[in-house]
Structure formats: C-alpha cells, structure tokens
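Enquirer: Below are the sequence and a predicted model for it; my questions follow.
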Amino acid sequence: MTDTTSGVITPTSDDERLDVSTAADAAALDDAGIDTRTTDVTDTSNAALAPERTFADFGVEPAIVEALAEAGITHPFPIQALTLPVALSRHDIIGQAKTGTGKTLGFGIPALQNVVAPGEEGWDELPDPGKPQALVVVPTRELAIQVAGDLQTASRRRPTLRVVQIYGGRAYEPQIEALQRGAEVVVGTPGRMVDLLKQRVLDLSRVRTVVLDEADEMLDLGFLPDVETLIAATPADRHTMLFSATMPGAVVALARRYMSRPTHIRAQDPNDDGATVKSTRQVVYRAHALNKVEMLSRILQAEGRGLTIVFTRTKRTAARVAEELTERGFAAAAIHGDLGQGAREQALRAFRSGKVDVLVATDVAARGIDVEDVTHVVNYQCPEDEKTYLHRIGRTGRAGQSGTAITFVDWDDVPRWTLIDKALGLGQPDPVETYHTSPHLYTDLGIPEGVGGRLPRGARTRAGLEAEELEDVGETGKSAGRGRAARSGRPSSGRTGTGRGRRRGAGQGERRQGEPREDGQPQRRRRRRTRRPSQGSPAES
C-alpha cells in the first residue's frame, strides 16, 4: 500500500512483490537435482524455530556457545536454526535468506566446529598441522573484515585457533607471514587469495570446509573464474556451503559442479512476501539535485535517528557529500574506491564505534557491510537497478530491528526509478515532488519543526573521524589515505584544507605527473617553455 501524498511505502501482505527467491530459482534448482526445503519461519509448531532454543540445543560445542553468550548471542535466528543441523552433520548446503537475517553464524559455527586448533585433541594427528582447514570466500574487503571478526568472536574461548584475513589493498608481507606461522581458518577475497595460491604461499590441500558467501554478488563482480580456481585447489571430499540471496543460472551451475547432493535451505516468512524484510519502512521523494543536501541535513535531525548510511553512485559525490555534512556540523565519513584501504578501514571503525554516525558510501565499497543499529539508509542518488536498491536498503532493518529507507529521485532518474518500482512492485512510480520546506517531509520522518540546515553546536556530541586512528596497512596500489584530505574522504586537490592557494606538498594526496586524474583521464604533461635567445645575443655554449 502506498500513500501517494507523502511518498511513504507501507508494506502489506496484499502487495505482490518480487520474492528474494523466485519460483524460477526453485525450478532451476529442482532441474539440477537439488533438494529444496522451504521453511515458514513463523511456524510456531516447528521445534527448530522455538524461541527458547539456544545454540547448545543444536549440538554446538560448549566453547563456541560460551563465547557467543559473552557477546550477548544466545538464541539462533531462523536461518541459523535451519542450517545448523544440516551443516553440523557436514552435508553440503545452499542457504538462501534475505539480507540482514544472520547468515554468518549459520556457516561460521559449522566451519569453526570442524577445525582443530593447536593444543586441542587431534592436533598431533593432523597430516599437515598449521595448514588452513576452513576457507571462507567473500566478494569485498569490508565483508572479509566483518566475517573474520564474527568468527573471532565465536572462537574467543579457543585462544589458539587462528583466523587469518587475506584481501587486497594491504601489503602482502604481513599476510604471507601469518600464513607461514599457521592458520586454521582463512577468510578473504578471491583476487588476493588466488595471487597467494599461485605463489604457493596459500596451501588449500588440507581444507575441510569451504564457504562461498554472497555468491551472486561475487558473480556480479566477475569473480567466478577465481572462485573456481580456489575450489579446484581444495580436496574433493570437502564440506561446501554456499550462501546467496538469489539463484541465478551461474550460481546453480556452480552448485551442480562443485557440491555433492546439496540441500537448498530457504527461510521464508509468508507474511513478508516482499524482497526486503517487512520491518524496513520505505520512503521515496522526487528531489532536486541542488536541494538534496538541505533535505538530507534535516533528515539527519529526525527524532530517533541512529547510525545512518548515505549511498551515492559516484566516488566524487560521496566525497563531496561527506565534506558538506562535516561543514554543517555532522559527524560524517566517506568510504569509496578512491580511498586507500587504511582510510576505508578507519572510516568503518569510526562508524561502528559511533565516533561518526553518518557514513557516505558508494555501492561497491559498502557491499555486504553489516553494522548494528543502522536506523536510516538514504539513497542520495537513485540506484542503478532493483538489485542495487535491495542491497542498499538491506543495510537497515537487520536482525529483527526496524529501519527506514529514504530514496531521492532526481528528475533525470525518473525513468530508472520507474523500472525499479515496476520490478519490485513498490507502487510508487511517480514520487511526490519534495523540498526541504515541504511539510510532509517533516511529518513523514518525524523531523522536529524549525530545524535548520546545520546541526546545533549543543548536539555535536560525536568525536568525529579524526578521533579514530589511521592505521598504516602498507597499502598496495594507490597511496590514498594520507593527509587530511584523504582522512576526510575528499579527493586530493590543490588545497590542503587549511588555506587557499597553498602549494601541494608530499603527503598531501598530490598526484604525480603522468598519473590518471580522478575522472580516469590521463594527466596532460605541462610543457616547459624555453625562451628564445634574442637576435644578436650570443648562443649558449
């Protein structure tokens, strides 16, 4: 149901929308000979989904149960309750559930439970102790950091168990040294892992468990050949778990080729037939490009707003919006491809810890980010397609929490938005025209009347990005992440940020001669003029 006067989309069970797992997905899996179990997660008669059941009831070993309890995690989410019995018995599975439903522990617990750490029973009987026993492949660096962190939390009561992160943007040497010291679990991105595999630093010959997380996203990013290379380097009798939001043909083919009689486990709420979790409230406005910052600055002062992610289509826009919000008094940070890995990790750490409460991000840089207490997502620029829209708004309303997703549609983006609206059945093909002075903007989002475009000084309680240490990660490739400009998320320019007309110096994000500009075009070489000797003057010897 849609309130066309304000642009608010209110999900109801009567809306016919694209499910995250369509009938075509199920048919493709059936044709491939893959058994599908579709479970109603609201079925109270299903003993596996009983709310009083704990991880211990599913056969999870006490050390993991205790570590999770220390982190405040005692009861499994539905996708975890459905996958644990199958995965712990080491049957291949394909897990499918909407974003934000807790898939990480669904594969993380079985992976941890089937590795042996130094000093534990069975360590001395291993053929090659110290070689990786579990491999987790994810599409992005940020997701690798997040998954590794969750696995380290779950294995805290097993102090000798080593989880090593392998991804690009960081120096090779520390990762090589970590592998040489020994690792039980390796989490990383396909590109860097294939590099180390070819250098014979990463040995996957003793891997018992392989996990492919966000498989459809890895295919979208072109990682299929690298994924196949990694899987081919593991033993044939491995335990394989694949998690994917959708089941495109390439994912089905991957499952058919590399998995042994997998079970497709699908967690579904019959009262939530939309592509996103029903706890996410969706609001769409037609906004003018020159008025978006004014609207955004007022939305960020809405009552009850917590952590907020603002999505843009371009790196330049992300940097500019973060800078403008910072100048207006908001604690904002940017994350995009022009930043070095150190600056990206700094921004994410500051966001997770609450030192900044606004993260301005591009789609690829923020893919798979899972941060608790994100109450609002703002699509500052219209997404490219419905899959990008679903990914963006899936950053809020996670793990049973409620959230608000706001989309700005510029006049030029109306045709693109119409296609997204039609694909998802949102019922809002023509968003209401809205400005920062529109009364419905304030009533829709709970914005107090009279707020301005700047955050009052009394409300500026966050420490800010500068309070988060910038780690030297020995970056490869770009030398981003240095200087104040990089720390604030701004692309380097002629200004250092402390005054106008100052010469660019070393360490201030300068661009060397011949390096490409931010728009991808090669920099023109500046010719040095030579003064012609005046007529009659002696020639230089």
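Expert: Yep, that arrived.

Enquirer: got the domain boundaries for this protein?
Expert: Domain assignment for the chain by automatic domain parsing gives 23-268, 280-466+474-487.

Enquirer: what does the average pLDDT come to for the last one?
Expert: Spelled out, it's domain 280-466+474-487. Averaging pLDDT along domain 280-466+474-487 gives 89.

Enquirer: who touches K292 in this structure?
Expert: Neighbouring residues of K292 by C-beta atoms under 8 Å, 6 or more residues apart in numbering: 380, 408. In this view, the C-beta of every residue, glycine as well, is placed from N, C-alpha and C.

Enquirer: State whether it is indeed within a strand.
Expert: No. Counting by DSSP: H, G, I helix; E, B strand; the rest coil, K292 is not found in a strand; it is helix.

Enquirer: Could you report the neighbour count for I309?
Expert: Counted with other C-beta atoms under 10 Å, the neighbours of I309 add up to 24.

Enquirer: next one: Q180
Expert: Around Q180 there are 10 other residues, counting by other C-beta under 10 Å.

Enquirer: could you measure the closest residue to it other than its chain neighbours against P129, distance?
Expert: Counting by C-beta to C-beta, 6 or more residues apart in numbering, Q180 lies nearest to V201, which is 7.4 Å off, once chain neighbours are set aside. Separation of V201 from P129 (C-beta to C-beta, to the nearest Å): 17 Å.

Enquirer: Can you show me the strands along the stretch 1-150 of the chain?
Expert: Assigned by DSSP state E, counting those that start in this stretch, the strands in the stretch 1-150 of the chain fall at 2-3, 8-9, 35-40, 93-96, 134-137.

Enquirer: Next up, identify which helix or strand T229 is on.
Expert: helix 224-232 (DSSP states H and E).

Enquirer: What's the mean pLDDT across that helix?
Expert: Averaged across helix 224-232, pLDDT comes to 94.

Enquirer: Could you give the separation of that helix from the chain centroid?
Expert: Here helix 224-232 is found 22 Å from its chain centre; the criterion is C-alpha atoms, centre = their mean, to the nearest Å.

Enquirer: Measure how buried D57 is and give me the count.
Expert: By other C-beta under 10 Å, 16 other residues sit near D57.

Enquirer: ok, now V284?
Expert: V284: 27 neighbours (other C-beta under 10 Å).

Enquirer: helices and strands around the helix or strand containing it, which ones?
Expert: In this structure, V284 is located in strand 280-286 according to DSSP H and E. Packing contacts for strand 280-286, counted by 3 or more C-beta pairs under 8 Å, 6 or more residues apart in numbering; DSSP states H and E, involve strand 8-9, strand 403-409, strand 432-433, helix 439-445.

Enquirer: Tell me which strands that strand pairs with, and in which orientation.
Expert: strand 8-9 (antiparallel), strand 403-409 (parallel), strand 432-433 (parallel) (DSSP bridges).

Enquirer: Using PDB, write down the CA coordinates of the helix or strand encompassing A178.
Expert: A178 belongs to helix 172-181 when assigned by DSSP H and E. The C-alpha coordinates for helix 172-181 follow below in PDB (Å, rounded to 0.1, in the frame of the first residue of the first chain):
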ATOM      1  CA  TYR A 172      51.500  -8.800   1.000                       C
ATOM      2  CA  GLU A 173      54.200  -9.400   3.600                       C
ATOM      3  CA  PRO A 174      52.000  -9.500   6.800                       C
ATOM      4  CA  GLN A 175      49.500 -11.800   5.200                       C
ATOM      5  CA  ILE A 176      52.300 -14.100   3.900                       C
ATOM      6  CA  GLU A 177      53.900 -14.200   7.400                       C
ATOM      7  CA  ALA A 178      50.500 -15.000   9.000                       C
ATOM      8  CA  LEU A 179      50.000 -18.000   6.700                       C
ATOM      9  CA  GLN A 180      53.600 -19.200   7.300                       C
ATOM     10  CA  ARG A 181      53.000 -19.100  11.000                       C
END
